[in-house]
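> 3D model of this:
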Amino acid sequence: MKKIISFIFVSMFTCIYAQEKESNKESFFGVQAGLFGVNIYNESDLSEQFTLRSEVDLTAGIWGGDLYSKTGFALAPSVSVTPKWYYNSIGRSNKNKNIKYNAANYLSAKLSYAPDWFVISNVDGIKVNPMISLVPTWGLRRNFAKNFNYELQLGLGVGKILKSDYDLQVVPNLSFRIGYDF
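As a prediction, the model looks like this:
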(Lines give C-alpha, C1' and ligand atoms only; values in the text may rest on other atoms or scores of the structure.)
Protein backbone atom coordinates (compact mmCIF):
# COMPACT_ATOMS: atom_id res chain seq x y z
CA MET A 1 0.00 0.00 0.00
CA LYS A 2 2.86 2.42 0.81
CA LYS A 3 4.37 1.77 -2.61
CA ILE A 4 1.08 2.61 -4.35
CA ILE A 5 0.64 5.84 -2.37
CA SER A 6 4.27 6.79 -3.02
CA PHE A 7 3.83 6.07 -6.76
CA ILE A 8 0.67 8.22 -6.93
CA PHE A 9 2.34 11.08 -5.02
CA VAL A 10 5.44 11.03 -7.25
CA SER A 11 3.28 10.83 -10.40
CA MET A 12 1.14 13.80 -9.31
CA PHE A 13 4.24 15.86 -8.43
CA THR A 14 5.80 15.05 -11.82
CA CYS A 15 2.64 16.09 -13.68
CA ILE A 16 2.35 19.32 -11.72
CA TYR A 17 6.03 20.14 -12.23
CA ALA A 18 5.83 19.37 -15.97
CA GLN A 19 3.07 21.98 -16.38
CA GLU A 20 5.25 24.81 -15.12
CA LYS A 21 6.53 27.08 -17.85
CA GLU A 22 9.60 29.24 -17.79
CA SER A 23 8.85 32.73 -16.55
CA ASN A 24 10.78 35.92 -15.98
CA LYS A 25 13.32 36.51 -13.30
CA GLU A 26 12.77 39.63 -11.21
CA SER A 27 16.22 40.95 -12.09
CA PHE A 28 19.05 39.74 -14.27
CA PHE A 29 22.18 41.04 -15.92
CA GLY A 30 23.97 40.18 -19.11
CA VAL A 31 26.32 41.23 -21.88
CA GLN A 32 25.56 41.90 -25.54
CA ALA A 33 27.75 42.57 -28.55
CA GLY A 34 26.89 43.86 -31.98
CA LEU A 35 28.37 45.58 -34.98
CA PHE A 36 28.41 48.98 -33.24
CA GLY A 37 29.65 48.13 -29.76
CA VAL A 38 29.27 46.05 -26.64
CA ASN A 39 27.28 46.59 -23.43
CA ILE A 40 26.77 45.26 -19.92
CA TYR A 41 23.25 45.64 -18.58
CA ASN A 42 20.86 44.94 -15.73
CA GLU A 43 17.13 44.59 -16.27
CA SER A 44 14.83 44.79 -13.23
CA ASP A 45 11.09 44.10 -13.20
CA LEU A 46 8.85 46.95 -12.10
CA SER A 47 5.66 44.95 -12.81
CA GLU A 48 4.58 42.05 -15.02
CA GLN A 49 5.09 44.01 -18.27
CA PHE A 50 7.35 46.92 -17.24
CA THR A 51 11.09 46.79 -16.59
CA LEU A 52 13.92 49.23 -16.03
CA ARG A 53 17.15 48.54 -17.90
CA SER A 54 20.41 50.21 -16.95
CA GLU A 55 23.49 49.69 -19.07
CA VAL A 56 27.07 50.71 -19.72
CA ASP A 57 28.00 50.79 -23.40
CA LEU A 58 31.19 50.94 -25.41
CA THR A 59 29.88 52.47 -28.64
CA ALA A 60 31.91 52.01 -31.81
CA GLY A 61 32.63 54.51 -34.54
CA ILE A 62 34.51 53.98 -37.79
CA TRP A 63 35.58 56.41 -40.52
CA GLY A 64 37.72 56.44 -43.62
CA GLY A 65 37.72 57.19 -47.32
CA ASP A 66 39.53 59.51 -49.70
CA LEU A 67 39.64 62.45 -47.25
CA TYR A 68 41.47 60.50 -44.52
CA SER A 69 44.97 59.04 -44.65
CA LYS A 70 43.85 55.83 -42.90
CA THR A 71 40.72 54.12 -41.65
CA GLY A 72 40.02 55.02 -38.04
CA PHE A 73 37.95 53.47 -35.30
CA ALA A 74 36.94 54.59 -31.83
CA LEU A 75 35.21 53.07 -28.82
CA ALA A 76 33.65 55.52 -26.34
CA PRO A 77 31.63 54.81 -23.18
CA SER A 78 28.05 55.81 -22.47
CA VAL A 79 25.57 55.07 -19.70
CA SER A 80 21.81 54.78 -20.09
CA VAL A 81 18.55 54.10 -18.30
CA THR A 82 15.65 52.65 -20.26
CA PRO A 83 12.11 51.98 -19.08
CA LYS A 84 10.63 49.19 -21.22
CA TRP A 85 7.04 48.04 -21.78
CA TYR A 86 6.92 44.41 -22.96
CA TYR A 87 3.52 44.73 -24.61
CA ASN A 88 3.13 41.15 -25.82
CA SER A 89 4.67 39.19 -22.94
CA ILE A 90 1.29 38.13 -21.49
CA GLY A 91 0.09 36.92 -24.91
CA ARG A 92 3.34 34.99 -25.42
CA SER A 93 2.96 33.43 -21.98
CA ASN A 94 -0.67 32.45 -22.66
CA LYS A 95 0.47 30.70 -25.87
CA ASN A 96 3.14 28.82 -23.84
CA LYS A 97 5.96 30.62 -25.62
CA ASN A 98 9.25 31.25 -23.83
CA ILE A 99 9.29 34.59 -21.98
CA LYS A 100 12.35 33.86 -19.85
CA TYR A 101 14.68 36.89 -19.63
CA ASN A 102 11.88 39.07 -21.09
CA ALA A 103 11.71 37.40 -24.50
CA ALA A 104 9.03 39.62 -26.06
CA ASN A 105 8.45 42.75 -28.14
CA TYR A 106 8.72 46.09 -26.37
CA LEU A 107 8.49 49.86 -26.56
CA SER A 108 11.04 51.90 -24.66
CA ALA A 109 12.48 55.36 -24.10
CA LYS A 110 16.28 55.20 -23.84
CA LEU A 111 17.85 58.09 -21.91
CA SER A 112 21.62 58.10 -22.54
CA TYR A 113 24.62 60.14 -21.45
CA ALA A 114 27.87 59.97 -23.42
CA PRO A 115 30.66 61.58 -21.34
CA ASP A 116 34.21 62.41 -22.40
CA TRP A 117 35.82 59.93 -19.99
CA PHE A 118 38.09 58.09 -22.42
CA VAL A 119 38.29 56.94 -26.03
CA ILE A 120 39.92 53.76 -27.32
CA SER A 121 41.13 54.50 -30.85
CA ASN A 122 43.86 53.91 -33.40
CA VAL A 123 44.08 57.71 -33.92
CA ASP A 124 45.66 60.02 -31.32
CA GLY A 125 43.84 63.00 -29.84
CA ILE A 126 40.23 61.83 -30.37
CA LYS A 127 37.75 63.55 -28.03
CA VAL A 128 34.05 63.00 -27.44
CA ASN A 129 31.64 65.90 -27.06
CA PRO A 130 29.51 65.06 -24.00
CA MET A 131 25.92 64.42 -25.10
CA ILE A 132 22.56 63.51 -23.63
CA SER A 133 19.84 61.87 -25.74
CA LEU A 134 16.32 60.48 -25.52
CA VAL A 135 15.36 57.87 -28.11
CA PRO A 136 11.93 56.19 -28.27
CA THR A 137 12.56 52.65 -29.52
CA TRP A 138 10.69 49.57 -30.70
CA GLY A 139 12.49 46.33 -29.92
CA LEU A 140 12.30 42.59 -30.23
CA ARG A 141 14.09 40.29 -27.78
CA ARG A 142 14.25 36.50 -28.09
CA ASN A 143 16.22 33.64 -26.53
CA PHE A 144 18.06 30.72 -28.02
CA ALA A 145 20.06 27.90 -26.47
CA LYS A 146 19.81 28.21 -22.68
CA ASN A 147 20.94 31.73 -21.74
CA PHE A 148 21.74 33.32 -25.10
CA ASN A 149 19.62 36.08 -26.63
CA TYR A 150 19.35 38.33 -29.64
CA GLU A 151 17.82 41.77 -29.69
CA LEU A 152 16.80 44.09 -32.51
CA GLN A 153 16.21 47.81 -31.78
CA LEU A 154 14.77 50.48 -34.10
CA GLY A 155 14.34 54.03 -32.86
CA LEU A 156 14.68 57.71 -33.65
CA GLY A 157 15.05 60.46 -31.06
CA VAL A 158 16.79 63.69 -30.15
CA GLY A 159 20.11 64.54 -28.55
CA LYS A 160 21.92 67.61 -27.27
CA ILE A 161 25.68 68.10 -27.15
CA LEU A 162 26.43 69.68 -23.79
CA LYS A 163 28.53 72.55 -25.14
CA SER A 164 27.40 75.98 -26.22
CA ASP A 165 26.46 76.70 -29.83
CA TYR A 166 25.05 73.21 -30.54
CA ASP A 167 21.43 72.65 -31.56
CA LEU A 168 19.30 69.56 -30.98
CA GLN A 169 20.31 66.67 -33.21
CA VAL A 170 18.51 63.64 -34.59
CA VAL A 171 19.77 60.45 -32.89
CA PRO A 172 19.02 57.07 -34.51
CA ASN A 173 19.01 53.76 -32.68
CA LEU A 174 19.50 50.86 -35.07
CA SER A 175 21.13 47.81 -33.56
CA PHE A 176 21.19 44.05 -33.64
CA ARG A 177 23.01 42.37 -30.78
CA ILE A 178 23.67 38.87 -29.56
CA GLY A 179 24.19 38.33 -25.85
CA TYR A 180 24.30 36.13 -22.78
CA ASP A 181 22.11 36.47 -19.66
CA PHE A 182 23.33 35.48 -16.20
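> helices of the chain, start to end?
Using DSSP state H, the helices of the chain run over residues 2-18, 89-94.
> which of those helices has the lowest average pLDDT?
Mean pLDDT per stretch puts helix 2-18 lowest among the helices of the chain, at a mean of 43.
> could you list the low-pLDDT ranges of the protein?
Scanning the chain with the threshold set as pLDDT under 70 gives 1-25.
> please work out how many residues are found near the closest residue in space to Phe176 that isn't next to it in sequence.
Excluding its sequence neighbours, the residue lying closest to Phe176 (Cβ to Cβ, 6 or more residues apart in numbering) is Leu152, at 5.2 Å. C-beta: built from backbone N, CA, C; applies to glycine. Other residues near Leu152 come to 15 when the count uses other Cβ atoms under 10 Å.
> what bridges to Leu152?
On the basis of DSSP bridges, Leu152 is bridged to Leu140, Phe176.
> these two touch, right, it and Ile178?
No: Leu152 is beyond contact range of Ile178, at 10.6 Å (criterion: Cβ atoms under 8 Å).
> please verify my assumption that His157 contacts Ser112.
In this structure residue 157 is Gly, not His. No: Gly157 is beyond contact range of Ser112, at 9.2 Å (criterion: Cβ under 8 Å).
> re the thing from before, report the contact partners of the residue nearest to Phe176.
139-140, 175-176 (Cβ atoms under 8 Å, 6 or more residues apart in numbering).
> try 10 Å this time
Counting by Cβ atoms under 10 Å, 6 or more residues apart in numbering, Leu152 touches 34, 105, 138-142, 174-177.
> repeat that for Arg177.
Contacts for Arg177 (Cβ under 10 Å, 6+ apart) come out as 31-39, 141, 149-153.
> burial check on the closest residue to Ser175 other than its chain neighbours, number of neighbours?
Nearest residue to Ser175, sequence neighbours excluded (Cβ to Cβ, 6+ apart): Gln153, at 4.8 Å. Using other Cβ under 10 Å, Gln153 has 20 other residues around it.
> now swap in the one 4 residues further on and tell me
Using other Cβ under 10 Å, Gly157 is surrounded by 18 other residues.
> partner residues bridging it?
Here Gly157, judged by DSSP bridges, has bridge partners Val171.
> same thing with the one 4 residues further on?
The partner list for Ile161 in beta bridges (DSSP bridges) reads Met131.
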